[in-house]
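# here you go, sequence then predicted model.
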Amino acid sequence: MPMLRAAAAGFDKAAAFLSCVIVVALLACVASGVVTRALGEPLIWTDELSRFLMVWLAVFGWIVASRRRIHVRIRFFQEQLPHPAYRIAEIAIQAAVAVFGALVLIYGIGLIGKNRDLEATSLPLSMAWMYAPLPLGGAITALQGIVEMVEALRRPRVPPAGEAAVVE
């Protein structure tokens, strides 16, 4: 178990670091597009690259938020339920998260396959790279949902609001 926790912590740090790198790359790309347009010599590829980077950033931000359990979640109605119903609702929510993650994984793989032979308009890249992070995001979300569902089944109490539980 300590080995799994260390691997999860390492993955979390890598995902957060990669998110920061993508943010910096996106800012540099957009800034160069703005500056070159202002100078009257626009770099056409900056628009397309920024779209690729935005998709990657959205997925890695989603992974980081999922792992830290900081996605927006409205618990008002769930917290009004008696404890057994609260647990059932939590298990159902986490099962839905796991199914959603599995669907993103499956459809992400399909999108990569359908777009691998299409080339981007202004970049020498396959359009499959646009969708490349989706399977990872889906897999992490599905795994996170399964682990949290198991935790909800084992958990003898209702967690206080804001309690952080991540896959270990």
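Perfect, I can see it now. Numbers count the residues shown, from 1 in each chain.
# in the protein, where's the longest helix?
What stands out as the longest helix in the chain, according to DSSP state H, is helix 2-38.
# in the chain, which helix or strand is least confident?
The element with the least model confidence among the helices and strands of the chain, by mean pLDDT, DSSP states H and E, is helix 76-79, at a mean of 88.
# using CSV, list the CA coordinates for that helix.
Below are the C-alpha coordinates for helix 76-79, written out as CSV (Å, rounded to 0.1, in the frame of the first residue of the first chain):
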residue,chain,number,x,y,z
PHE,A,76,-27.0,20.7,-0.1
PHE,A,77,-29.6,18.2,-1.0
GLN,A,78,-27.4,15.2,-0.2
GLU,A,79,-26.6,16.6,3.2
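# for that helix, name the packing helices and strands.
In terms of contact count using 3 or more C-beta pairs under 8 Å, 6 or more residues apart in numbering; DSSP states H and E, helix 76-79 is assigned the packing partners helix 83-115. Using the backbone N, CA and C atoms, a C-beta is placed for each residue, glycine as well.
# now the helix it packs on: buried residues?
Taking 16 or more other C-beta atoms under 10 Å as the neighbour-count basis, helix 83-115 is seen to contain the buried residues 86-87, 89-91, 93-94, 97-98, 101-102, 104-105, 108, 111-112, 115.
# now swap in stretch 7-27 and tell me
Residues of stretch 7-27 classed as buried under the neighbour-count rule (16+ other C-beta under 10 Å) are A8, D12, A15, A16, L18, S19, I22, A25, L26.
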